[in-house]
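Novice: okay, predicted coordinates and the sequence, questions at the end:
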Amino acid sequence: MTETATEFDAGSPASIQWQIPKEFYSLGLELEAAERSAYLDSMAAEIWANGTDYQRETVAYWYKEIAEAAADDGALEAAFCMLRTEEGRVTTATLSVMAEPIASPGDAQTVIAGLVEALSNDPLNEVMEVNAESGPAVLTLSGMHMTARQGVEDSVAPVTLELAQATVYVPCLPVSQLVVLTLTTPSIQDFPDYVGVLARVTDSVKVNMEQKPAGPAQRRPTDAHPSTLSVRDVFG
């Protein structure tokens, strides 16, 4: 896999760009529902080539649920990774990218202050202002539970996962857009490492005022992101 850059048309001739780490596979939001289902089935078969049918069906089912939810939310891109750690554990996470208009752009500090106030209303959020490559942003950390609507088979009980989630809100004031990057993982002990991954993606967000993409979202190969900074280095 190569690391990819994605562009979102933010109004001619501007676009917003970001990079998805090479460890992540697309969840195929650009595909029609039937094509996406077949694509995720094939991805599950590839990931669990030496596993059981139940493992492949379960993995495909979960990512279909996640992809459907991301599509319903209007995500521009969604991706997942499934890796094996040095200790032999399987670790996994999903990453989504959204963009929302900023109704009253103002200056950066005004936007950031409004975000911190609004996000702090949720008692489950830990909210903090952070520094990204493009300027100030807001980071929230939270926990939640996700339950499948039904089992993969009728005889299988619904499965509930405890999840850790980190979301970064990146104001792109030149185009009055707010980029929302969300990373969710059931691998709780790996959460700090995944926050570092989210930091890399956050650092890659930029506004391109000169080149308009060919469509609403365009993926293309690019060199690996150069950031090797730690979570503390990037998020302060």
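Specialist: Yep, it's here.
Novice: off-centre distance for stretch 122-135?
Specialist: 16 Å (C-alpha atoms, centre = their mean, to the nearest Å).
Novice: for that stretch, buried residues please.
Specialist: For stretch 122-135, burial by neighbour count (16 or more other C-beta atoms under 10 Å) applies to 125, 127, 130, 132, 134. Placement of C-beta: from N, CA and C, glycine included.
Novice: residue 112 in helix, strand or coil?
Specialist: Using DSSP: H, G, I helix; E, B strand; the rest coil, the secondary structure recorded for residue 112 is helix.
Novice: neighbours around residue 163, how many?
Specialist: When neighbours are counted by other C-beta atoms under 10 Å, residue 163 registers 18.
Novice: per-residue confidence for it?
Specialist: With respect to pLDDT, residue 163 has a value of 88.
Novice: beta partners for it?
Specialist: residue 144 (DSSP bridges).
Novice: again with residue 93
Specialist: Taking DSSP bridges as the rule, residue 93 bridges to residue 81.
Novice: ok, it - contacts?
Specialist: 80, 81, 183, 184, 185, 187, 190, 194, 197 (C-beta atoms under 8 Å, 6 or more residues apart in numbering).
Novice: same check, this time on residue 60
Specialist: Counted by C-beta under 8 Å, 6+ apart, residue 60 has contacts 40, 41, 43, 44.
Novice: give me the buried positions along stretch 17-37.
Specialist: By 16+ other C-beta under 10 Å, the buried positions in stretch 17-37 come out as 17-21, 24-31, 36-37.
Novice: give me the below-cutoff pLDDT ranges for the protein.
Specialist: Low-confidence segments of the chain (pLDDT under 70): 1-13, 146-159, 211-236.
Novice: can you do 80?
Specialist: Filtered on pLDDT under 80, the chain yields the residue ranges 1-14, 46-52, 54-56, 58-59, 62, 104-106, 144-161, 209-236.
Novice: helices along that one, start to end?
Specialist: 33-47, 53-72, 108-119, 191-204, 231-235 (DSSP state H).
Novice: thinking again about what came up before, hmm, which two among the contacts of residue 93 are most spread apart?
Specialist: Pairwise distances among these were taken by C-beta to C-beta; the largest, 13.9 Å, belongs to 80 and 190.
Novice: of those two, which one has the most company?
Specialist: Neighbour count, other C-beta under 10 Å: between residue 80 and residue 190, residue 80 has more, with 24 against 18.
Novice: now render the contacts of residue 60 as a markdown table, adding distance to residue 170 and neighbour count.
Specialist: As requested, the contacts of residue 60 are arranged in a markdown table below (distance: C-beta to C-beta, whole Å; neighbours: other C-beta atoms under 10 Å):
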| residue | distance to residue 170 | neighbour count |
| --- | --- | --- |
| 40 | 28 | 23 |
| 41 | 33 | 17 |
| 43 | 28 | 20 |
| 44 | 32 | 22 |
